[in-house]
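Student: Structure, please.
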Amino acid sequence: MREIQIMPSLLSADFGNLSKDINAAEACGASALHCDIMDGHFVPNITFGPMIVKAVRSLTNLALHVHLMIEHPERYLEAFVEAGASEITVHAENGPHLHRVIEQIKGLGLPVGVAINPSTPLCAIGNVINDIDLLLIMTVNPGFGGQRFISDMLPKIEKARQMGEEAGADFDIAVDGGIDVTTAPMVVRAGANVLIAGAGVFGKRPRIMEAFNALKAAAESAVSKEA
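Tutor: Modelled structure (predicted):
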């Protein structure tokens, strides 16, 4: 079993006190910060772009996982790299040239993630499974924080882990959406090792550290039970 990583999502951070929330995430021992980039087209919401990522980069040494929920992500890759992204995740649903976009990100020197929406079957990433560093399985329909976890995604996580093992592929499995102390053990048992949580961490302020530790303990309890 891979090491469990908890990545707080800035989507639920207090942008009026961003440095305070980022410092809290650092103090908790977060693996990275997750940056949800939304354009109002690919998903029904607008969040932020390279300027904010650059500002966040100046506030922390934590890795910045940039999740592009935007149309034509290939047009903005260099801007996010220059802003300080540590890893870029794009959606399989963005267009017919997923392999080309993956190669573009690799050419920029960054690890590559591919995300799939709840209704997207795993066959969508079958031909690139050996080219990615992370598979992000959305456990809500992307666009807004604080949504309810879709439990039907658990078999999908299990199948993704099985696919990776059968292909001899080396990638993390991340989950994003509705991750809390109840759902964390469920996704870990299914095969996920990277848990992205916004409302489950930043949404619990001022008890951010307490919420983070509870989430991590819940996730790791699933590992210890399996061991």
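Student: going forward, measure contacts between C-alpha atoms and count neighbours the same way
Tutor: Fine.
Student: low-scoring stretches of the chain, by residue?
Tutor: In the prediction, the chain carries residues with pLDDT under 70 at positions 1, 224-227.
Student: Please, where are all the helices along it?
Tutor: 18-28, 50-57, 77-83, 98-107, 153-167, 183-190, 208-226 (DSSP state H).
Student: Tell me which of those helices is the most buried.
Tutor: Comparing the helices of the chain by mean neighbour count (mean count of other C-alpha atoms under 10 Å), helix 183-190 comes out on top with a mean of 22.
Student: which residues touch it?
Tutor: For helix 183-190, contacts defined as C-alpha atoms under 8 Å, 6 or more residues apart in numbering pick out 149, 154-155, 157-158, 175, 195, 215, 218-223, 226.
Student: Extract the C-alpha trace of it and format it as PDB.
Tutor: The C-alpha coordinates for helix 183-190 follow below in PDB (Å, rounded to 0.1, in the frame of the first residue of the first chain):
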ATOM      1  CA  THR A 183     -15.600   8.400   3.400                       C
ATOM      2  CA  ALA A 184     -11.800   8.500   3.800                       C
ATOM      3  CA  PRO A 185     -11.500   4.800   5.100                       C
ATOM      4  CA  MET A 186     -13.800   3.700   2.300                       C
ATOM      5  CA  VAL A 187     -11.700   5.200  -0.500                       C
ATOM      6  CA  VAL A 188      -8.500   3.900   1.000                       C
ATOM      7  CA  ARG A 189      -9.800   0.400   1.300                       C
ATOM      8  CA  ALA A 190     -10.900   0.600  -2.300                       C
END
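Student: between that helix and helix 153-167, how big is the angle?
Tutor: Angle, helix 183-190 to helix 153-167, by axes from the mean of the first three to the mean of the last three C-alpha atoms, to 10 degrees: 30 degrees.
Student: Tell me the gap between helix 183-190 and the middle of its chain.
Tutor: Centre-to-centre, helix 183-190 and its host chain are 15 Å apart (C-alpha atoms, centre = their mean, to the nearest Å).
Student: coming back round to it: would JSON lines of the helices of the chain with distance to residue 36 be doable?
Tutor: Output for the helices of the chain, formatted as JSON lines (distance: least, C-alpha to C-alpha, whole Å):
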{"stretch": "helix 18-28", "distance to residue 36": "15"}
{"stretch": "helix 50-57", "distance to residue 36": "10"}
{"stretch": "helix 77-83", "distance to residue 36": "12"}
{"stretch": "helix 98-107", "distance to residue 36": "17"}
{"stretch": "helix 153-167", "distance to residue 36": "20"}
{"stretch": "helix 183-190", "distance to residue 36": "20"}
{"stretch": "helix 208-226", "distance to residue 36": "19"}
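Student: Alright, calling it a day.
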